[in-house]
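Undergrad: Kindly return the folded structure for what I paste below:
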Amino acid sequence: MADSTVVAGNWLGSLPPRTLQRLHPQRVDKGTALFRRGEHLVHVFAVLQGVVQVSRSVAPGRARIIGIALDGDVVGCDALATGIHAGDALVARESVLCAIDPQRWAPRAARLPQLAALAELQMVRMMRQETRLRLVGLSRVADLLLQLAEQSGCAQVELPLDRRGIANYLGHSPQTLSRSLRRLDTLHCLRRVDPLRFEVDVERLRQVRALRRTRHAEAAIPAH
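TA: Below is the predicted model:
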């Protein structure tokens, strides 16, 4: 059902209601598949509220989460060049989405600078994830928490997926992720509010992200 009243604190909130209505927001249930790998591009999806995960099969019965789209993000732009989706997009939390015809993307982007910037932002975030996976140990988790803090604009962040999903996205086991979060707590980089929400210290997270060899370099982080 169309819903033009539910808009999170992102760039879409600055659009006039009439413009937003023309994007035809739709509430989409958790578990809905937006597209599958190998399918032809039909729509690009702008996320007003919610979480969409993009995954890719790495072995029979195994998939790696390669992207997470949050409020204000866009899903499917990577297929604009080839016309074919490279991964599977699944709604991970009840969401409000705008499905945009790719043939209308360019003319709409010409009228809305915010749309024009979305595709570039999405590619930047994909490259950040590729760089993140080359980091070691705590640095990888710290970088994700920093990105979430940057996107939310506040010191309290919420993991967009459960811990198993976040571990998959970071290339860790759930046990390794839990140990890393406990270690970041010990280093006063975060304080747990509930299982998926944390108060974070951005400066200390930056110091951890900069570590080359985490096990031997943690002593370089100034005492709290």
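
Undergrad: Convert the C-alpha atoms of the longest strand that the chain contains to PDB, please.
TA: Longest among the strand segments of the chain by residue count, using DSSP state E, is strand 44-59. Taking C-alpha atoms only, strand 44-59 is exported to PDB below (Å, rounded to 0.1, in the frame of the first residue of the first chain):
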ATOM      1  CA  VAL A  44      16.000   0.400  -8.700                       C
ATOM      2  CA  PHE A  45      14.800   0.600  -5.000                       C
ATOM      3  CA  ALA A  46      15.300   3.700  -2.800                       C
ATOM      4  CA  VAL A  47      15.000   2.800   0.900                       C
ATOM      5  CA  LEU A  48      12.900   5.300   2.900                       C
ATOM      6  CA  GLN A  49      12.900   3.200   6.100                       C
ATOM      7  CA  GLY A  50      14.100  -0.300   6.800                       C
ATOM      8  CA  VAL A  51      16.900  -2.600   5.900                       C
ATOM      9  CA  VAL A  52      17.600  -4.500   2.700                       C
ATOM     10  CA  GLN A  53      20.500  -7.000   2.500                       C
ATOM     11  CA  VAL A  54      22.200  -8.100  -0.700                       C
ATOM     12  CA  SER A  55      23.900 -11.500  -0.800                       C
ATOM     13  CA  ARG A  56      25.700 -13.700  -3.300                       C
ATOM     14  CA  SER A  57      26.000 -17.500  -3.300                       C
ATOM     15  CA  VAL A  58      29.500 -18.700  -2.600                       C
ATOM     16  CA  ALA A  59      28.800 -22.400  -2.400                       C
END
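
Undergrad: helices and strands around it, which ones?
TA: Packing contacts for strand 44-59, counted by 3 or more CB pairs under 8 Å, 6 or more residues apart in numbering; DSSP states H and E, involve strand 62-69, strand 74-75, strand 88-100. Quick note: C-beta positions are derived from backbone N, CA and C, even for glycine.

Undergrad: For the shortest one, what is the distance to the chain centroid?
TA: If I follow you right, that is strand 74-75. Relative to its chain's centre, strand 74-75 lies at 10 Å (CA atoms, centre = their mean, to the nearest Å).

Undergrad: burial count for residue 36?
TA: Residue 36 has 11 neighbouring residues, counting by other CB atoms under 10 Å.

Undergrad: gap between it and residue 181?
TA: Applying CB to CB, to the nearest Å, the value for residue 36 to residue 181 is 32 Å.

Undergrad: same thing with residue 140?
TA: 12 Å.

Undergrad: Likewise for residue 37?
TA: According to CB to CB, residue 37 stands 31 Å off from residue 181.

Undergrad: Neighbour count: those two, which is higher?
TA: Per other CB under 10 Å, whichever of residue 37 and residue 181 has more neighbours is residue 181, with 21 against 15.

Undergrad: Local confidence estimate at the more buried one?
TA: Here, the pLDDT recorded for residue 181 equals 96.

Undergrad: Pull the contacting residues for it.
TA: Contact analysis of residue 181 by CB atoms under 8 Å, 6 or more residues apart in numbering lists 141, 190, 192, 198.

Undergrad: What are the buried residues along stretch 187-195?
TA: Within stretch 187-195, the residues that count as buried by 16 or more other CB atoms under 10 Å are 187, 189-190.
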